[in-house]
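Undergrad: here is my input; please provide its structure:
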Amino acid sequence: MLKSPLDRLRKISLALPKAFEKISHGEPTFWVHKRMFAMFASARNHHGDGRDAVWCKASHMTQAMVVSRWPDRYFVPPYVGTSGWFGIYLDRRPNWAEVADRLEGSYRMVAPKRLLATLDEQ
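TA: Alright, predicted model coming up:
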């Protein structure tokens, strides 16, 4: 059994083709090629604002939809929110299948076409 939201986030993110993790801005972040698609925001520092979360790349339209529709699960994160990113709270028993779908959508926004073809074949 996975012990923490970060452990679960790692398992989902690193299962995507050629995804890797590195520390950026003091937090674990998830990348493909040279582009970040997700960032863990720890409850223990100012990024998490007291709650564990993950920030995902998205369009402004997706951000507006999920944050307005489910404000108890989604939020506009600082710094990257102006670029369309949204946050998902991970501290109140999130739906991990939904988190995985959102992470895949974020990955799809930045991954090279050849990796998207690999993902679609899986």
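
Undergrad: what's the closest non-adjacent residue to N45?
TA: Spatial nearest neighbour of N45, excluding adjacent residues (Cβ to Cβ, 6 or more residues apart in numbering): G26 at 6.8 Å. Bear in mind the C-beta positions are built from the backbone N, C-alpha and C, glycine included.

Undergrad: check R10 too.
TA: Per Cβ to Cβ, 6+ apart, closest to R10 is E21, 6.6 Å.

Undergrad: how close does that neighbour get to A53?
TA: Distance, E21 to A53, using Cβ to Cβ, to the nearest Å: 16 Å.

Undergrad: what about the two, which has more around it?
TA: Regarding E21 and A53, a neighbour count based on other Cβ atoms under 10 Å identifies A53 as having more, with 27 against 16.

Undergrad: okay, and the beta partners of the more buried one?
TA: Taking DSSP bridges as the rule, A53 bridges to A41, Y89.

Undergrad: identify the residues contacting P77.
TA: Applying Cβ atoms under 8 Å, 6 or more residues apart in numbering, we find P77 in contact with 41, 47, 53, 55, 85-87.

Undergrad: what's the closest of these to M65?
TA: F86 (9.2 Å; Cβ to Cβ).

Undergrad: ok, the closest one - contacts?
TA: Counting by Cβ under 8 Å, 6+ apart, F86 touches 55-56, 58, 62-63, 66-67, 74-77.
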